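K.L.:
3D, please:
(one chain, ligands or ions: 2)
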Amino acid sequence: MNQETETLIKDSIKTVPDYPKAGIMFRDVTSLLEDPKAYQATIDALVAKYKDAGFDKIVGTESRGFLFGAPLALALGVGFVPVRKPGKLPREVISEDYELEYGTDTLQIHQDAIQNGDKVLMVDDLLATGGTIEATTKLIRRLGGDVKHAAFVINLPEIGGEQRLQTLGLEVFSLVAFE
Ligand code: PRP
Ligand code: ADE
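P.N.:
Ligands and ions are numbered 1, 2, ... in the order given. Here you go, the predicted structure:
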């Protein structure tokens, strides 16, 4: 990705101070989605990175992961698998609990969505602590999926999610970073 494209994508992401609470600089991808050039450039950059990687499935995590994972899956010609919050998936599921800043939450995946040995790429809009993608990794691996890659539009490197995911044997890729 060239500098011009990186600037197009980064400048399209609005920052909202003190949302959802004091001290958080919220990086809002809805402004990127409203800009068709920036949205297209984002998907194109992910396609360029992964077009020859041979993935069988793209997994996107609710909800913002759907916005980037599904168009990438279509462009790569592979299936898209949603990981969702509890009670949303209609067939048999497996679940993983994960830590939030306060308390815990749960993610679920359809048991039959990943076949043993499937090569899987995880996609989300943003990497902060890495808790969401750690739980997603565990779900995929419990189903026998081969998952070693996670792609994000935004990385927040100061929070340390990339190091956390590397300890799980994941290679992390992101298009832009906000300090
Ligand atoms: C946000 C974001 C990532 C996750 C990043 O999702 O879209 O999925 O948090 O944080 P982490 O790296 O610390 O896990 P959120 O749970 O707010 O749900 P949403 O996408 O439905 O807004
Ligand atoms: N999810 C976790 N931290 C975030 C941030 N700073 N901006 C947007 N989404 C987030």
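K.L.:
for residue 170, give me phi and psi.
P.N.:
With angles defined as degrees, to the nearest 10, residue 170 sits at phi -100, psi 140.
K.L.:
could you grab the helix/strand/coil label for the residue lying closest to it once chain neighbours are set aside?
P.N.:
Setting aside the residues directly before and after it, residue 170 is nearest to residue 150 in space (CB to CB, 6 or more residues apart in numbering), at 5.2 Å. Placement of C-beta: from N, CA and C, glycine included. Recorded secondary structure, residue 150: strand (DSSP: H, G, I helix; E, B strand; the rest coil).
K.L.:
now do the one 4 residues further on
P.N.:
Following three-state DSSP, we place residue 154 in the strand state.
K.L.:
please list the residues of the chain that sit near ligand 2.
P.N.:
For the chain, the contact set with ligand 2 under CB under 6 Å from any ligand atom comprises 24-27, 126, 128, 156.
K.L.:
so of the residues you listed, which ones are in strands?
P.N.:
If you go by DSSP state E, those have 25-27, 126 in strands.
K.L.:
would you turn the residues you listed into JSON lines with distance to ligand 1?
P.N.:
Below are these laid out as JSON lines (distance: CB to the nearest ligand atom, whole Å):
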{"residue": "25", "distance to ligand 1": "14"}
{"residue": "26", "distance to ligand 1": "10"}
{"residue": "27", "distance to ligand 1": "10"}
{"residue": "126", "distance to ligand 1": "5"}
